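**Student:** next input, structure requested:
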Amino acid sequence: CEEIIQHLNHKIPGVNTAELCQRIQASGIEINIGDLAKIADIISFLFSTAARNSISTEELITALGNAVSALPKHAVQVIRHVWNEQGKSISVSEEARNMATMGQFVDLEWKLGVAMSSDTCRSLKYPYVMVTLKVADPSGQITNRSFEMSIPQFQNFFRQFKEMAAVLETV
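**Tutor:** Purely as a prediction, here's the structure:
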């Protein structure tokens, strides 16, 4: 809940459900990443809707109790506590709502590799660049997108980044 509040306040780009899932599993709780992502989406929707409508803690808990009867009491207590302590801090400006419709860049990782051989070719010696982008989608879920580029493709990619940097220098 606290990470979702931080995401909604634009303090972190998103909730890294893979990392969170590992932490929860390490504490002895069995959960898979798909279920955790659904829970994070629901809580994010709950908090953002409550903030947008300026709902008090009691109104939120009453509405939650009426809508979801199977929610464990301790889960409701956590939601109540976090909303009561941090819910009022959620910014719901029009600009923030517009930004929430697109993903946000989190990180970029790269590796340089050389394909030495394959089952069809004994001597490839083919260099390539592997790039992994971490992006937080509008709901805050962080996903990785990986792709490989040949050296000429990477050089073109690099040239375009230099052009962007040059344009940013003029702004």
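
**Student:** most distant residue from the middle of the protein?
**Tutor:** R122 (41.5 Å; C-alpha atoms, centre = their mean).

**Student:** where's F105, which helix or strand?
**Tutor:** Using DSSP states H and E, F105 falls within strand 104-115.

**Student:** pairing partners for the next helix or strand after that strand, with directions?
**Tutor:** Sequence-wise, the next helix or strand downstream of strand 104-115 (DSSP H and E) is strand 126-136. Here strand 126-136 is paired, per DSSP bridges, with strand 104-115 (antiparallel), strand 142-150 (antiparallel).

**Student:** what does strand 126-136 rub up against?
**Tutor:** The contact list for strand 126-136, computed with C-beta atoms under 8 Å, 6 or more residues apart in numbering, reads 7, 13-14, 103-115, 142-151, 153-154. No exception for glycine: its C-beta is placed from N, CA and C like everyone else's.

**Student:** cool, stretch 35-43 as well?
**Tutor:** By C-beta under 8 Å, 6+ apart, stretch 35-43 touches C1, I4, V15, T17, L20, C21, I24, I79, S139, G140, Q141.

**Student:** the last one against G14, yeah?
**Tutor:** Yes: under the contact definition of C-beta atoms under 8 Å, Q141 touches G14, with a separation of 6.1 Å.

**Student:** flag the shaky bits of the chain, pLDDT-wise.
**Tutor:** Applying pLDDT under 70 to the chain flags residues 67-69, 91-102, 138-140.

**Student:** where exactly do the helices run in it?
**Tutor:** With DSSP state H as the criterion, the chain has helices at 2-8, 17-26, 33-52, 57-67, 73-86, 94-99, 151-170.

**Student:** which of the ones you listed sits most buried?
**Tutor:** A comparison of these by mean neighbour count, using mean count of other C-beta atoms under 10 Å, puts helix 2-8 on top with a mean of 20.

**Student:** who are the packing partners of that one?
**Tutor:** helix 33-52, helix 73-86 (3 or more C-beta pairs under 8 Å, 6 or more residues apart in numbering; DSSP states H and E).
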